[in-house]
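Peer 1: What follows is a predicted protein model with its sequence.
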Amino acid sequence: MDQAKKTIALVAHDGKKADMVAFVKDHIEDLRKANIIATGTTGSYVRQTGLEVELKLSGPMGGDAQIAALAAEGKVDGIIFFRDPLGKHAHEPDIQMLMRISDLYNVPLATNPATGSLIIQGLF
Ligand SMILES: O=C(CO)COP(=O)(O)O
């Protein structure tokens with residue numbers, strides 16, 4: 001992790017992983033300037049774009065919680081979290097926690113590509 005760089009967390013539910021990969025491709029030049037962390041499965045998909053990604057645990061196994069903990073410690077500058085509004089998740093409490101922590105610590109969090117682009121514009 002390069003302390004001089006911004007850190008961006010990428011998280012996407014299964015129904016939104018294709019959207020996340022498309023988003024990363026659209027913003028790859030800016031994202032290359034950042035440290036990228038991601039929940040496990042999302043990160044594996046994103047790596048296919050060639051972007052370097054530090055993988056956390058898969059979301060249902062605690063990945064959202066790991067990203068929330070880093071955000072609470074001031075180690076995350078932006079979170080791009082494409083939730084599936086049509087899906088149901090066993091780890092819903094973790095999803096809510098990640099959003100709550102981002103509000104508590106005023107960490108920008110985008111839940112769709114439009115606001116994700118605004119976060120990237122704002123950070124770079
Ligand atoms: O479930 C998730 C976010 O809540 C995402 O986790 P994965 O990237 O491991 O699929």
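Peer 2: Noted; the coordinates are in hand.

Peer 1: Kindly provide the distance from the residue nearest to residue 61 when sequence neighbours are not counted to residue 122.
Peer 2: Spatial nearest neighbour of residue 61, excluding adjacent residues (Cβ to Cβ, 6 or more residues apart in numbering): residue 40 at 7.3 Å. Heads up, the C-betas are built off the backbone N, CA and C, glycines and all. Between residue 40 and residue 122 the computed distance is 27 Å (Cβ to Cβ, to the nearest Å).

Peer 1: Any idea how many residues pack against the residue of the chain found nearest the ligand?
Peer 2: Residue of the chain nearest the ligand, by Cβ to the nearest ligand atom: residue 59 (2.2 Å). Residues lying near residue 59 (other Cβ atoms under 10 Å) number 27.

Peer 1: again, but for residue 117
Peer 2: 16.

Peer 1: and the gap between it and residue 97?
Peer 2: Distance from residue 117 to residue 97, by Cβ to Cβ: 25 Å.

Peer 1: what's the answer for residue 85, then?
Peer 2: For residue 85 relative to residue 97 (Cβ to Cβ), the value is 18 Å.

Peer 1: Between those two, point out the one with more neighbours.
Peer 2: Taking other Cβ under 10 Å, residue 85 and residue 97 do not tie; residue 97 has more neighbours (18 against 10).

Peer 1: Would you confirm that the more buried one belongs to a helix?
Peer 2: Yes. Assessed by DSSP: H, G, I helix; E, B strand; the rest coil, residue 97 belongs to a helix.

Peer 1: isn't it right next to residue 67, touching?
Peer 2: No. Residue 97 lies out of contact with residue 67 (Cβ atoms under 8 Å); the separation is 9.9 Å.

Peer 1: what's the next secondary structure element after whatever helix or strand residue 29 lives in?
Peer 2: Assigned by DSSP states H and E, residue 29 belongs to helix 28-31. As assigned by DSSP H and E, the chain's next helix or strand after helix 28-31 is strand 35-38.
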